[in-house]
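Undergrad: need coordinates for the below:
(chains A and B)
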Amino acid sequence: MNKVGSFIGRYQLSHFIILALLIFVVMPLALDSFRLNMVGKYLTYAFVALGLVLCWGYGGILSLGQGVFFGIGGYCMAMFLKLEASSPENTAIQSTPGIPDFMDWNQLTELPWFWVPFQSFTFTIFAILILPAAFAFIIAVAMFKRRVGGVYFAIITQAIAAILTILIIGQQGYTGGVNGITDLRTLHGWDIRTDEAKTILYFVNGLLLFGCLFVARYIIKSKLGRLLVAMREREDRVRFSGYDVSAFKIFIFCAAATISAIGGAMFTLQVGFMSPTFVGTGPSIEMVIFCALGGRLAILGAVYGALVVNWAKTSFSESFPELWLFAMGALFIGVVMAFPNGLAGLYQTYIAPWLQKYVPEKFHWIITNRNPEESGAEIAVAGETASEDEKKSKAGELSHAGN
Amino acid sequence: MLETNKHIGPKDFVLSIEGLTVSFDGFKAVNDLSLYVEEQEIRVIIGPNGAGKTTVLDLICGRTKATEGSIKFKGKELTKMNEHQIVHAGVGRKFQNPSIYEDLTVFENLELSFPRGRNVWGALTFRRDKEVIDKVQEVADMIFLGDKLDMPADLLSHGQKQWLEIGMLLIQDPELLMLDEPVAGMSVSERKQTAELLNRITKDRSVLVIEHDMQFVADIAHRVTVLHQGQVLSEGSMERVQNDPKVIEVYLGH
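TA: Reported below is the predicted structural model:
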């Protein structure tokens, strides 16, 4: 058993490859530049949904404020780009040239201190990765050390999202207010508004997403992943097996925050602006819907969930803008009631068995990771899409150990 | 100091509880309780409902914080420690209802209890190596589940779940093992097997058991402590306790 196989497994690997083909080959070939950029935008939400699979699906921590971390990532990137776009030559007509336009409108005459470090791209990258994790760490320590969980935690994250939105809107001179940070132009002199740049950013985004998917896969296949599942069921038992439960919750919440922030930064780059509408309570809940629709326990499902919901949102709201919200609500309720494991569950229960009938048996490992004979027991463990190859790898290792 | 700790003789106390009191809104569930457990001793705590038996275990393992008093385990004060620190110190606890991870297999249940990689980094880099696999197999054989390693724990019978939880404690290799009604809901033959199991595993450790089944108590107990209204009513061999007039009165009078 090779190294990759031990943490991904043949079945999972085949599904990673299918998704990679879809994102890197099919989409760019089938879509024009405008639509491809749109898919790129959807995929930035997949980062958040992926983070939610980790912290909600596995860790049992429902956060209704993931938009906060998406926003922090997005704003960090936007601040850097805005400073580059606000060179003294570009802003010569302002009363204070060299500062972002919205600051000038708000009678600021100097760059605020917390904007200054964002002139450095290296600092910006670090900020995107570290700031959201640090903020998540503070929230998580305050909550989990006191053993606040479940609904209370969800409400608090929701409140934090609301507070941050109000703060951003209220501090117009420092944040761009309700309009957000707009009119972003270049990254190190490279114009990000051209079709070519957008295509390149789409691929960068895809690669980063796969990076995060691999990290997430590694985490859930490690003992930490099994501990999260165990904690979700029996927190006390985990504690009395000698684990500091709060440390694991803090870790997974911070990991989810960082992954979301990477998505936020890529959003700013591809869409060309960042505003409080992507931070607040509404978008944060929408992101939970992407995750639920994809399947709470399926990391690849998160990507499909984000794609499907956003694609539906765009096409639906183009024709019936006022009905969209109702449709999304119905979608969420329908999924939760009929398919608690989302698209991943739907695939496992209905599509995979159907596909098996039409595909030669030697390719069945691509379609499903379980034998058709043993269904009932496995379904109970389902959601976790890897029970069978997990067993195989275990059997493999057991026999190795025996040799 | 260290020298004396190293040479704890077989008759020294592993666990000494002194003046332990816990009060919930004025109600004293445990009231000025003192209890001493020796090395390699199987001590059974019995008593009527509400006597404070489970609360005593909760206090020892840190689930409930004591209002007053001290719990010393091998010289370490447990009342000031967190649950996981108490486990690291060498105390294992089995709950009244089988508390296992039903979504995971028997193997994974035991593996998670293996005392390695207990912090975040350790859990991320944990390898399922030969040492782990051998230890899991050894414990699984001991708890009669050697051929069920790949079974989801959900599918085990009630008695097997109880054994699995005992196994999860054994793999931690605690010096003090606390069991809350380990044979509740077991068949007669399962009960016998459990008694054998307990007698076998006590060679290396002390065991504190809460149990209602008097036959089972007689089978395993070295000494018995009777709790009543949060206090020790009687203590000694099973025979002595059974003939103690105070105990007879409490059990028959209520």
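Undergrad: which residue packs closest to residue B:223, ignoring adjacent ones?
TA: In space, residue B:223 comes closest to residue B:43 once its chain neighbours are excluded; the distance is 5.5 Å by C-beta to C-beta, 6 or more residues apart in numbering or on different chains. C-beta: built from backbone N, CA, C; applies to glycine.
Undergrad: what lines up beside the helix or strand that neighbour falls within in the sheet?
TA: When secondary structure is defined by DSSP states H and E, residue B:43 falls within strand B:42-46. Paired strands of strand B:42-46, with direction, are strand B:206-210 (parallel), strand B:223-228 (parallel) (DSSP bridges).
Undergrad: the residue most central in space within chain B: which element?
TA: By C-alpha atoms, centre = their mean, the mean C-alpha position of chain B lies nearest to residue B:178, the distance being 0.8 Å. Here residue B:178 sits within strand B:176-180, counting by DSSP H and E.
Undergrad: how about the next helix or strand along the chain from that strand: buried residues?
TA: The C-terminal neighbour of strand B:176-180 among helices and strands, as given by DSSP H and E, is helix B:188-201. Residues B:190-191, B:193-195, B:197-198, B:201 are the ones in helix B:188-201 that count as buried (16 or more other C-beta atoms under 10 Å in any protein chain shown).
Undergrad: name the helices or strands packed onto helix B:188-201?
TA: helix B:130-142, helix B:158-172, strand B:206-210, helix B:214-220 (3 or more C-beta pairs under 8 Å, 6 or more residues apart in numbering or on different chains; DSSP states H and E).
Undergrad: do you know which of these lies nearest residue A:228?
TA: With C-beta to C-beta as the measure, helix B:158-172 is the member of the helices and strands packed on helix B:188-201 nearest residue A:228 (17.4 Å).
Undergrad: counting by contacts, list what that closest one packs against.
TA: If you count contacts as 3+ C-beta pairs under 8 Å, 6+ apart, helix B:158-172 packs onto strand B:91-94, helix B:106-113, helix B:130-142, strand B:176-180, helix B:188-201.
Undergrad: Throw the ones you listed into CSV and include mean pLDDT, thanks.
TA: CSV is the format used below for the helices and strands packed on helix B:158-172 (pLDDT from 0 to 100):
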stretch, mean pLDDT
strand B:91-94, 92
helix B:106-113, 94
helix B:130-142, 94
strand B:176-180, 93
helix B:188-201, 88
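Undergrad: following the helix or strand of chain B with the lowest mean pLDDT, which helix or strand comes up?
TA: One helix or strand of chain B scores below all others by mean pLDDT, DSSP states H and E: helix B:2-6, with a mean of 43. Once the chain leaves helix B:2-6, the next helix or strand it forms, by DSSP H and E, is strand B:13-24.
Undergrad: the next helix or strand after that next one pairs with which strands?
TA: On the C-terminal side of strand B:13-24, the nearest following helix or strand under DSSP H and E is strand B:27-38. In the sheet containing strand B:27-38, its partner strands are strand B:13-24 (antiparallel), by DSSP bridges.
Undergrad: got the contact list for the strand it pairs with?
TA: Contacts of strand B:13-24 from elsewhere in the structure, counted by C-beta atoms under 8 Å, 6 or more residues apart in numbering or on different chains, are B:8, B:28-39, B:41, B:55-56, B:59-60, B:64-74, B:175-176, B:206, B:208.
Undergrad: got a quick PyMOL command for the buried subset of those?
TA: A single PyMOL command suffices to select whichever of the contacts of strand B:13-24 are buried according to 16+ other C-beta under 10 Å:
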select buried, chain B and resi 28+29+30+31+33+35+36+37+38+39+41+55+56+59+60+64+66+67+69+71+72+73+74+175+176+206+208
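Undergrad: and the lowest mean pLDDT element among the helices and strands of chain A?
TA: Taking all helices and strands of chain A together, the one with the lowest average confidence (mean pLDDT, DSSP H and E) is helix A:376-381, at a mean of 36.
Undergrad: looks like residue A:263 contacts residue A:45 (just checking).
TA: Yes - in this structure residue A:263 lies within contact range of residue A:45 using C-beta atoms under 8 Å: 6.6 Å.
Undergrad: one step back: and the strands paired with strand B:42-46, which is most packed in?
TA: With neighbours defined as mean count of other C-beta atoms under 10 Å in any protein chain shown, the strands paired with strand B:42-46 peak in mean count at strand B:206-210, which reaches a mean of 24.
Undergrad: quick one: distance of it to the chain centre.
TA: In terms of C-alpha atoms, centre = their mean, to the nearest Å, the centre of strand B:206-210 is set 5 Å apart from its chain centre.
Undergrad: which residues touch that strand?
TA: Where contact means C-beta under 8 Å, 6+ apart, the residues beyond strand B:206-210 that reach it are B:14-15, B:37-46, B:53-54, B:57, B:60, B:175-182, B:198, B:201, B:217, B:220-221.
Undergrad: and if we set it to 7 Å?
TA: Strand B:206-210 has contacts (C-beta atoms under 7 Å, 6 or more residues apart in numbering or on different chains) with B:14-15, B:37-45, B:53-54, B:57, B:175-182, B:198, B:220.
Undergrad: cool, stretch B:36-48 as well?
TA: Outside of stretch B:36-48, the residues within contact range by C-beta under 7 Å, 6+ apart are B:8, B:10-16, B:53, B:56, B:198, B:202-203, B:205-211, B:217, B:220-228, B:250-251, B:254.
Undergrad: assign a three-state SS to residue 147, would you?
TA: Answering for chain A, as no chain was given. Residue A:147 falls in the coil class when you classify it by DSSP: H, G, I helix; E, B strand; the rest coil.
Undergrad: oops, I was thinking of chain B
TA: On the three-state scheme (three-state DSSP), residue B:147 is labelled coil.
Undergrad: run a quick neighbour tally on it.
TA: Residue B:147 has 10 neighbouring residues, counting by other C-beta atoms under 10 Å in any protein chain shown.
Undergrad: same thing with residue A:367?
TA: 19.
Undergrad: reformat the helices and strands packed on helix B:188-201 as CSV; add distance to residue A:363.
TA: CSV is the format used below for the helices and strands packed on helix B:188-201 (distance: least, C-beta to C-beta, whole Å):
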stretch, distance to residue A:363
helix B:130-142, 32
helix B:158-172, 38
strand B:206-210, 54
helix B:214-220, 56
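Undergrad: relative to residue B:97, which of these is closest?
TA: That would be, of those and by C-beta to C-beta, helix B:158-172, which comes in at 9.0 Å.
Undergrad: return the backbone torsion pair for residue A:185.
TA: Reported as degrees, to the nearest 10, the phi and psi values for residue A:185 are phi -120, psi -60.
Undergrad: right, I mislabeled it, should have said residue A:359
TA: With angles defined as degrees, to the nearest 10, residue A:359 shows backbone torsions of phi -110, psi 140.
Undergrad: the closest residue to it other than its chain neighbours and residue A:355: what is the separation?
TA: Taking C-beta to C-beta, 6+ apart as the measure, residue A:359 lies nearest to residue A:367, with 6.2 Å between them; neighbours along the chain are not counted. According to C-beta to C-beta, to the nearest Å, residue A:367 stands 5 Å off from residue A:355.
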